[in-house]
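In: Pasting a predicted model and its sequence here:
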Amino acid sequence: MSVVELGRFMHDLADASGRAILPFFRAQFGLDDKARGGAPFDPVTEADRAAEVVMRRMIRDAFPGHGILGEEFGSERLDAECVWVLDPIDGTRAFISGLPTWGTLIGLKKGETAVRGLMHQPFLAERFTGDGHSAKLRGPAGERTLRTRRCADLSAALLATTDPRLFAEGEEAERFRAVQDQVRMTRYGTDCYAYCMLAAGQIDLVVEAGLKPYDIVALIPIVEGAGGVVTNWDGGPATEGGRIVAAGDPRLHEAALRRLGA
């Protein structure tokens with residue numbers, strides 16, 4: 001399959017997952033807690049499952065030799081050269097609250113490298129795509145190339161994180177606050193949308209912890225394709241998740257790493 005055909009297939013996955021998800025958005029639907037009443041609350045909906053089922057079926061039909069890692073139904077063939085990494089609804093808490101800051105994440109890894117990514121927000125009809133070299137937004141206003149903005153200093157930066165409770169009390173939370181105390185403004189509740197807004201030049205820095213591969217793999221080629229940097233807090237690869245820092249400007253990334261104690 002050519003690069004063009006692969007890109008078209010990823011959009012086909014987005015189309016199919018969007019059709020599975022949208023009937024549930026701002027509607028009554030079943031909701032389970034994967035934490036089984038423990039803390040923190042970890043919701044999953046019928047929409048999550050329906051979207052992942054249809055994407056897995058399409059990938060198996062088109063690429064029977066590829067692996068799949070998904071949030072809802074686990075992994076298969078992770079030893080394959082190419083592995084699809086899926087999160088049908090990243091931002092389930094936003095989804096069940098009727099807020100459109102969730103998205104479907106579709107990533108492709110080749111070996112240990114995230115080579116292509118797509119974030120689809122079907123309610124807003126927006127798709128963010130990237131291949132590590134370029135990134136684009138396709139939306140109601142048409143298609144445009146994404147570029148991060150220049151911001152070298154923490155004092156001028158807009159920081160986003162999904163929830164301050166992502167950070168374990170003690171050293172991890174203190175390291176996050178060491179960054180937060182230096183920035184101009186912090187926004188919460190952003191999930192995958194923060195990384196896409198970073199790629200679009202609206203946000204400068206994202207710092208998170210406790211992420212899984214399906215939370216970040218699709219977003220890496222988008223951010224990097226727009227000129228940004230995504231690593232773990234030690235400055236290493238982000239594809240396995242964990243503690244993540246993404247910045248639109250490499251100078252800001254270095255400043256954030258220093259505050260995080262890397």
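Out: Yep, that arrived.

In: Spatially nearest residue to residue 149 (excluding sequence neighbours)?
Out: residue 201 (4.0 Å; CB to CB, 6 or more residues apart in numbering). All C-beta spots, glycine's among them, are computed from the backbone N, C-alpha and C.

In: Could I get the average pLDDT for the top helix by length along the chain?
Out: Counting by DSSP state H, the longest helix found in the chain is helix 3-21. Across helix 3-21, the average pLDDT comes to 94.

In: Mind listing what's buried along it?
Out: Within helix 3-21, the residues that count as buried by 16 or more other CB atoms under 10 Å are 6, 9, 10, 11, 13, 14, 16, 17, 18, 20, 21.

In: Nearest to residue 215 among those residues?
Out: residue 17 (16.3 Å; CB to CB).

In: I'd say that closest one and residue 119 touch.
Out: No - if you go by CB atoms under 8 Å, residue 17 and residue 119 don't touch, sitting 11.4 Å apart.

In: which residues are common contacts for the two?
Out: Contact criterion CB atoms under 8 Å, 6 or more residues apart in numbering; residues shared by residue 17 and residue 119: 104, 106.

In: how near is the residue nearest to residue 149 to residue 147?
Out: To residue 147, residue 201 is 6 Å away according to CB to CB, to the nearest Å.

In: helix, strand or coil for the nearest residue to residue 129 once chain neighbours are set aside?
Out: Nearest non-adjacent residue to residue 129, counting by CB to CB, 6+ apart: residue 118, 4.9 Å away. Look at residue 118: counting by DSSP: H, G, I helix; E, B strand; the rest coil, its state is strand.

In: and residue 118, how many neighbours does it have?
Out: As a burial measure, residue 118 scores 24 neighbours (other CB atoms under 10 Å).

In: can you check the one 5 residues further on too?
Out: By the other CB under 10 Å criterion, the neighbourhood of residue 123 contains 17 residues.

In: residues in contact with it?
Out: Residue 123 neighbours (CB under 8 Å, 6+ apart): 22, 25, 100.

In: so it is in which element?
Out: Assigned by DSSP states H and E, residue 123 belongs to no helix or strand.
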